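In: fold the following and give me the result.
(3 chains)
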Amino acid sequence: MATKRLGFIIRGLPYKTEASRLAMTHAIASQSVEIYLEDGDMVEPVVCFVGDGVLNCLKNQQAMKHYGITSLEQHIKNSLLLDLKVLICKEDIERLGIKEASLIMDAEDIGGETKAQIVPYSEIQKEMESVDHLLLS
Amino acid sequence: MGKLTIGCFSSLVGSLSLDFAVKLSEAAVKKGHTVDLWLSGNATMLSKKGQKAFKDYSHLQKPIQELFTTGSFQMTACEACAEARGYHKEDTMEGCKRFSMDWYLASCFSADRVLHIGGD
Amino acid sequence: MKLGVLMSDIRTGSDVIGRLTAEKLGIIFVGNGIYHATVKEDGKASSILGKSATFYVLSEDLESRGFSSSDVDSRVKPVTYSDLVDLIFNDYEKIVWL
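Out: Down below sits the predicted model:
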């Protein structure tokens, strides 16, 4: 029985490329990975937004309304609903002038209990050190 | 000997990132390692059969087919990413598998090293 | 952690490299990242080469872009794909692509 932790580090902007979306959908796919693993083995993703990647975390994204595609907001909420650990870099939101009130911090509206955390980069560095593999997008 | 899992989101043609992934796979297999190559997003195009070689475009079908013959290499494409791009199971290159994204995470689980090429 | 960074571009990724720390850090220039090892913009070598790390450059990507080993900054060691596999398995526990 083992748990492998995967660090999804998202540094890219949303929408122009698929990178941050695919990072989120792959992280969420951890919910069904057991079908390929031995009993008791698990994959635990941690999602960290750094650099310009923190802009994926803004509230009120209306990509579904305008382009008919799931917003990154919805993917972040889904990950919180599934109790994934979501960290947002404090220094980067300050650099970009983003207030906590503008960020997706929870998924209460869809029944989620886990909250995103705004943390100093040093905390994200610690996560990067503790995970088994790093997947940077 | 170890297992290397490479995940790639980049296009078949344009960035040379998939070329890098394939060359690295060849070098790793030659040294006795095993390699899983996961194709997601635009990278799924590498799994399409019937690629024609032109000198101005990356052509990776041949080295992939040679890698398959070693028995130390497997390539799997994200099924949803491929379907979204309009190509289906019957369009897939022989030897290439198609699964959902959890396959990649399971491959990472058992990998000694993971290289995730997450950009376009 | 022992971290190997494959740097594939000259214009992006420096922000990440700038604040990454690792007990052992290796930066391997591949693709368009090889310009960090070869080009002196405004007469200056890439600031990344000032970082506390071991530097490598992929020979095939160097030669594909019109350079040879003699053009490479003295702090950077040219490597082949075969060498790169050994670095990945023997020298670094985690690998990231920038």
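In: for chain B, which helix is longest?
Out: Counting residues, the longest helix in chain B under DSSP state H turns out to be helix B:17-30.
In: hmm, it in reach of chain C?
Out: Yes: under the criterion of Cβ under 8 Å from any Cβ of the partner chain, helix B:17-30 makes contact with chain C via B:17, B:20, B:23-24, B:26-28, B:30. The C-beta positions use only the backbone N, C-alpha and C, and glycine is treated the same way.
In: and if you look at stretch A:122-137?
Out: Yes: judged by Cβ under 8 Å from any Cβ, stretch A:122-137 comes into contact with chain C through A:125, A:128-129, A:131, A:133-134, A:136.
In: determine which two of these are furthest apart.
Out: A:125 and A:133 (15.8 Å; Cβ to Cβ).
In: ok, those two, which is more surrounded?
Out: residue A:133 (25 against 17; other Cβ atoms under 10 Å in any protein chain shown).
In: rewinding a little: how about the longest helix of chain B, does it reach chain A?
Out: No: applying Cβ under 8 Å from any Cβ, one finds helix B:17-30 out of contact with chain A, separated by at least 11.8 Å.
In: name the helices or strands packed onto the helix or strand just after that helix?
Out: Going down the chain from helix B:17-30, the next helix or strand is strand B:34-39, by DSSP states H and E. With contacts defined as 3 or more Cβ pairs under 8 Å, 6 or more residues apart in numbering or on different chains; DSSP states H and E, the packing partners of strand B:34-39 are strand B:3-8, helix B:17-30, strand B:73-78, helix B:102-109.
In: from the chain's centroid, how far away is the helix or strand just after strand B:34-39?
Out: Once the chain leaves strand B:34-39, the next helix or strand it forms, by DSSP H and E, is helix B:61-70. What separates the centre of helix B:61-70 from the centre of its chain is 11 Å, taken as Cα atoms, centre = their mean, to the nearest Å.
In: again, but for stretch A:94-113
Out: With Cα atoms, centre = their mean, you get 12 Å for stretch A:94-113.
In: tally of neighbours for residue A:44?
Out: As a burial measure, residue A:44 scores 17 neighbours (other Cβ under 10 Å).
In: hey, what's it bridged with?
Out: residue A:5 (DSSP bridges).
In: OK, contacts around it?
Out: The contact partners of residue A:44, by Cβ atoms under 8 Å, 6 or more residues apart in numbering or on different chains, come to A:3-6, A:30.
In: residues contacting the closest residue to residue A:15 other than its chain neighbours?
Out: When the adjacent residues along the chain are set aside, residue A:15 lies closest to residue A:63, with 6.9 Å between them (Cβ to Cβ, 6 or more residues apart in numbering or on different chains). For residue A:63, the contact set (Cβ under 8 Å, 6+ apart) comprises A:15, A:69-72.
In: what's the answer for residue A:46, then?
Out: Here residue A:46 is in contact with A:5-8, A:84-85, A:87, A:127, A:131 (criterion: Cβ under 8 Å, 6+ apart).
In: and the most centrally placed residue in chain B, what pLDDT?
Out: Centroid-nearest residue in chain B, with Cα atoms, centre = their mean: residue B:37, separated by 4.1 Å. On the pLDDT scale, residue B:37 is placed at 98.
In: so who does the closest residue to chain C within chain B touch?
Out: Proximity of chain B to chain C (Cβ to the nearest Cβ) peaks at residue B:27, 3.8 Å away. By Cβ under 8 Å, 6+ apart, the contact set of residue B:27 is C:80-82, C:84-85.
In: picking up where we left off before, can you redo the helices and strands packed on strand B:34-39 as CSV with mean pLDDT?
Out: What follows is the helices and strands packed on strand B:34-39, written out as CSV (pLDDT from 0 to 100):
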stretch, mean pLDDT
strand B:3-8, 98
helix B:17-30, 98
strand B:73-78, 98
helix B:102-109, 98
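In: what about those, which gets the closest to residue C:57?
Out: helix B:17-30 (13.5 Å).
In: now the helices: where do they sit in the chain?
Out: Let's take chain A. A:19-28, A:63-67, A:72-81, A:90-95, A:121-130.
In: sorry, should have said chain C
Out: C:14-19, C:35-38, C:59-64, C:81-86.
In: other residues contacting the second one?
Out: Among residues not part of helix C:35-38, those counted as contacts by Cβ under 8 Å, 6+ apart are C:7, C:10, C:29, C:46, C:48-49, C:55, C:57, C:62, C:65, C:67, C:71-73, C:76.
In: wait, residue B:29 sits on residue B:23?
Out: No: judged on Cβ atoms under 8 Å, residue B:29 makes no contact with residue B:23 at a distance of 10.9 Å.
In: which bits of chain A sit near chain B?
Out: Checking chain A against chain B by Cβ under 8 Å from any Cβ, the hits are A:2, A:4, A:6, A:12, A:17-19, A:22-23, A:25-26, A:29-33, A:35-37, A:41, A:43, A:45, A:132-137.
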